[in-house]
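Enquirer: predicted model follows, preceded by the sequence.
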Amino acid sequence: MAAIPGGADHAHDHAHDHPSGIMRWVTTTNHKDIGSMYLWFSFAMFIVGGIMAMVIRAELFEPGLQVVDPDRFNQMTTLHGLIMVFGAIMPAFVGFANWMIPLMIGASDMAFARMNNWSFWLLPPAAILLTTSLLVPGGAAASGWTLYPPLTVQMGMGMDMAIFAVHILGISSIMGSINIVTTILNMRAPGMTLMKMPLFCWTWLITAYLVIAVMPVLAGAVTMILTDRHFGTSFFNAAGGGDPVLYQHIFWFFGHPEVYIIAIPAFGVVSQVIPAFSRKPLFGYASMVYATSSIAILSFIVWAHHMYTVGMPVAGQLYFMFATMLIAIPTGVKVFNWVATMWRGSLSFETPMLFSIGFLFLFTLGGFSGLVLSMTAVDVQLHDSYYVVAHFHYVMVAGALFSAYAGAYYWLPKWTGHMYDEKLGKLHFWLSLVFFNMTFFVQHFLGLAGMPRRIPDYALQFAEFNMISSIGAFGFGLSQLVFLVVVLKCLKGGEKASAKPWDGAEGLEWTVPSPAPHHTFETPPIIK
Amino acid sequence: MTPRALMAFFLVTAALSLLIASAWAFAGAWWVLPFAGIEISALGIAFIAFGRRVGDFERIHLDDDRLIVEVCEKARLSRHEFVPAWAVVETRRAGPGSEVFVRCRDRQVAVGRYLDGPARELLARELSARLRAKRF
């Protein structure tokens, strides 16, 4: 793909003509500003959710209650899950989308710039609702991030705050997704057909479609909990003739695609980084697009593998088991394509590439433990055990978070205009890799040995692995501060980044100067 | 994407979303349906709003006798004709930014609405200078 940058004069930057100080950020409609706000917000929420994880691991450091009481422990696990999923990982990838999609498709901004501002500014109130729910009488929601009834029907005001927060976060996601879909479908540069689009844009188009399809399901589910709690309905209240299992079906009909809403943009980031540091085009571009679409479609029809133990007919168990196993095929296509991209490439191992390779190994491991869990007979044994906790942290942390770091290091020179400190970046990667595995690999053993999840205390037989896991978690938590140092250093100064700091990188985003000017592609480039 | 393809995209999305919501409504979880309706309406409104604005433009033509400003907004074209010798360009503060108008006695039209602040100011300066040149 050859791009002829349009007559856009990027040499002059009008940033100084915009409101300054706090009002710049409150009123901004610029996709880059909003992308930056999303990324900072997600990192802040990552720290908040991470502190909650530290409380959890401190409590589980050794048997016996030592840090928080059991109810507070349950609140910590619930808020940790909600904050990490809705407050940290999802906004991080929306931040990437905001920053990069217009640059990658040669658009001047997102289609609805004001709506973009609103979608971001809905997030802080939701975050405040979630975190301050710890302070209200009865404490925060303590039902787990899945918000299962009947617990959710019984809890205090913190539960209502969580429901409202989920609603607000959902509205924000929908607005963001509508914006992304409209932007990608309508604002591509002349000549950029869908099949010439960078894979990151493809993955976001598919993700946005998933969000639009499943968010009403979540909104409906939490609203029904709200009406059960306050308006006398009995959707999920067995005492009134309702069915708590119906909630589980509804939640996981949303919840499983949600996993891919998080994972698919991560695939997109890795699909940009690996070719750049292999100095080869992505192997099997079209098959990557079709595999990603297949994963998205399959994600709609596998939800009940999360709930084999609630009781379902054998035919149902068999169906969901085989349907779940099918996901391994398109996922395998993607993994093999990434490996094939690296095959005989001129590889170099800068921090983005290290995080991408880390993603590739560990996400595949998480996929394999997912395959184990897809088997009904095995899952019945492992359900609600630490094996499941280990599995989804391999997918969410080593998958989504590592890929987000890969993307952040990859595009940091474009965002800040400075090269980051490579030594610190590598230190961040190796510390994260070691401590991540120390935290979560041993949890497979704990689960196989029968340790249930969401418990504040445990039998003596689990003590050693829990201690290792907790030490790993503290190390992992502290390692993330290295990233903060890298970003702050990069913002402050450092080696000047050229327009294209990575020699193998391809795409329109590398045709504009670093840092990317406030306004880019005012005249669209022409793609040949 | 062509309007036809966009319409197809919207119809497929709407059908999928409403199918899912109807299935849940049939299973007793009817609250999913109104949310799906709201969301699909929002998507439709977004597409329509974008489609109506996508052809918007302003064209300014100046010759010896006439200053013509053509404004196409939401598929409606309006044409404003002024005598260059009598037309003036005014910049007015509006919130944190500014608006530029071409005015001739009691008639006026806003120009440069698709430009950012500095480019709009440049337009105002250049247009004023050319109008002045026509007068003398």
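Expert: Okay, I see it. Every value quoted in this text rests on a predicted model; they were computed, and no experiment measured them.
Enquirer: tell me who's in contact with the residue most central in space within chain A.
Expert: The residue lying closest to the centre of chain A (CA atoms, centre = their mean) is A:Ile89, at 3.2 Å. Neighbour list for A:Ile89: A:Ser42, A:Ile262, A:Met396, A:Ala400, A:Leu401, A:Ala404 [criterion: CB atoms under 8 Å, 6 or more residues apart in numbering or on different chains]. For the C-beta atoms, the positions are set from N, CA and C on the backbone; glycine is no exception.
Enquirer: in chain B, what residue is nearest chain A?
Expert: Nearest residue of chain B to chain A: B:Val32, at 3.3 Å (CB to the nearest CB).
Enquirer: which one's the longest helix in chain B?
Expert: Taking DSSP state H as the criterion, chain B has its longest helix at helix B:3-26.
Enquirer: check contacts around the most centrally placed residue in chain B.
Expert: Nearest to the geometric centre of chain B sits B:Arg53, at 4.6 Å (CA atoms, centre = their mean). Applying CB under 8 Å, 6+ apart to B:Arg53 gives the contacts B:Lys74.
Enquirer: and if you look at B:Ala21?
Expert: A:Pro216, A:Val217, A:Gly220, B:Val32, B:Leu33, B:Phe35, B:Ala36, B:Gly37.
Enquirer: from what I see, the third one and B:Val32 are in contact.
Expert: The one in question is A:Gly220. Yes. The pair A:Gly220 / B:Val32 is scored as a contact, 3.3 Å apart, by CB atoms under 8 Å.
Enquirer: who touches both of the two?
Expert: Shared contacts of A:Gly220 and B:Val32, counting by CB under 8 Å, 6+ apart, come down to A:Ile250, B:Ala21, B:Trp24.
Enquirer: in a markdown table: those, plus distance to B:Asp116.
Expert: Shown next, in a markdown table, are the shared contacts of A:Gly220 and B:Val32 (distance: CB to CB, whole Å):
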| residue | distance to B:Asp116 |
| --- | --- |
| A:Ile250 | 46 |
| B:Ala21 | 41 |
| B:Trp24 | 46 |
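Enquirer: between those, which is nearest A:Thr364?
Expert: A:Thr364 has its nearest neighbour among these in A:Ile250, at 30.7 Å by CB to CB.
Enquirer: that closest one: what's its closest spatial neighbour, skipping adjacent residues?
Expert: In this structure, A:Ile250 finds its nearest non-sequential neighbour in A:Ala221, 4.4 Å apart by CB to CB, 6 or more residues apart in numbering or on different chains.
Enquirer: give me the more crowded residue out of A:Gly220 and B:Val32.
Expert: When A:Gly220 and B:Val32 are compared for neighbours, B:Val32 comes out ahead with 27 against 23, by other CB atoms under 10 Å in any protein chain shown.
Enquirer: still on that earlier bit, list the buried ones in the longest helix of chain B?
Expert: B:Leu6, B:Phe9, B:Phe10, B:Thr13, B:Ala14, B:Leu16, B:Ser17, B:Leu18, B:Ile20, B:Ala21, B:Trp24, B:Ala25 (16 or more other CB atoms under 10 Å in any protein chain shown).
Enquirer: TSV for those, including pLDDT and distance to A:Ile206?
Expert: TSV is the format used below for the buried residues of helix B:3-26 (pLDDT from 0 to 100; distance: CB to CB, whole Å):
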residue	pLDDT	distance to A:Ile206
B:Leu6	89	17
B:Phe9	92	13
B:Phe10	94	16
B:Thr13	93	12
B:Ala14	94	17
B:Leu16	93	13
B:Ser17	94	15
B:Leu18	95	20
B:Ile20	95	17
B:Ala21	96	20
B:Trp24	96	22
B:Ala25	96	26
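Enquirer: care to break chain B down by domain?
Expert: For chain B, automatic domain parsing gives the domain ranges B:3-53, B:57-135.
Enquirer: lowest average pLDDT across these?
Expert: Taking each of the domains of chain B in turn, the lowest mean pLDDT turns up on domain B:57-135, with a mean of 87.
Enquirer: mind checking what helix or strand follows the strand or helix carrying A:Val259 in sequence?
Expert: A:Val259 is located in helix A:244-278, with elements delineated by DSSP states H and E. Downstream of helix A:244-278, the first helix or strand assigned by DSSP H and E is helix A:285-298.
Enquirer: and chain B, which residues reach chain A?
Expert: B:1, B:6, B:9, B:13, B:16-17, B:20-21, B:24, B:27-29, B:31-36, B:38-39, B:42-43, B:46-47, B:49-50, B:54, B:96, B:116-119 (CB under 8 Å from any CB of the partner chain).
Enquirer: buried set for the one helix or strand A:Thr207 maps to?
Expert: Assigned by DSSP H and E, A:Thr207 belongs to helix A:199-230. Across helix A:199-230, burial judged by 16+ other CB under 10 Å covers A:199-226, A:228-229.
Enquirer: one more: stretch A:445-459?
Expert: Result for stretch A:445-459 [16+ other CB under 10 Å]: buried residues A:Phe445, A:Leu446, A:Gly447, A:Met451, A:Arg453, A:Arg454, A:Ile455, A:Pro456, A:Tyr458.
Enquirer: what's the closest non-adjacent residue to the first one?
Expert: So the one you mean is A:Phe445. Per CB to CB, 6+ apart, closest to A:Phe445 is A:Phe465, 5.6 Å.
Enquirer: tell me which element B:Trp86 falls in.
Expert: Using DSSP H and E, no helix or strand contains B:Trp86.
Enquirer: what's the closest non-adjacent residue to it?
Expert: Leaving out its chain neighbours, B:Trp86 is closest to B:Cys104 (CB to CB, 6+ apart), at 5.1 Å.
Enquirer: partners of the one you found in the sheet?
Expert: Taking DSSP bridges as the rule, B:Cys104 bridges to B:Arg107.
Enquirer: and it, what does it touch?
Expert: B:Phe82, B:Val83, B:Trp86, B:Ala87, B:Val88.
Enquirer: now with 7 Å, please.
Expert: If you count contacts by CB atoms under 7 Å, 6 or more residues apart in numbering or on different chains, B:Cys104 has them with B:Phe82, B:Val83, B:Trp86, B:Ala87.
Enquirer: out of those, who's nearest B:Ser128?
Expert: Closest to B:Ser128, out of all of the contacts of B:Cys104 and judged by CB to CB, is B:Ala87, at 9.8 Å.
Enquirer: counting neighbours, what do you get for that closest one?
Expert: With other CB under 10 Å as criterion, B:Ala87 counts 24.
Enquirer: so what's it up against?
Expert: B:Ala87 neighbours (CB under 7 Å, 6+ apart): B:Leu67, B:Val102, B:Cys104, B:Leu131.
Enquirer: what about the longest helix of chain B, distance to the chain center?
Expert: 28 Å (CA atoms, centre = their mean, to the nearest Å).
Enquirer: relative to helix B:3-26, how tilted is the very next helix or strand once past that helix?
Expert: Using DSSP H and E, the helix or strand that follows helix B:3-26 in sequence is helix B:32-53. In terms of direction (axes from the mean of the first three to the mean of the last three CA atoms, to 10 degrees), helix B:32-53 departs from helix B:3-26 by 170 degrees.
Enquirer: check which helices and strands whichever helix or strand comes after helix B:32-53 sits against.
Expert: Later in the chain than helix B:32-53, the nearest helix or strand by DSSP H and E is strand B:57-62. In this structure, strand B:57-62 makes packing contacts with strand B:67-73, judged by 3 or more CB pairs under 7 Å, 6 or more residues apart in numbering or on different chains; DSSP states H and E.
Enquirer: what angle do the strand it packs on and helix B:32-53 make?
Expert: 160 degrees.
Enquirer: mind listing what strand B:67-73 pairs with, with the direction of each?
Expert: strand B:57-62 (antiparallel), strand B:76-82 (antiparallel).
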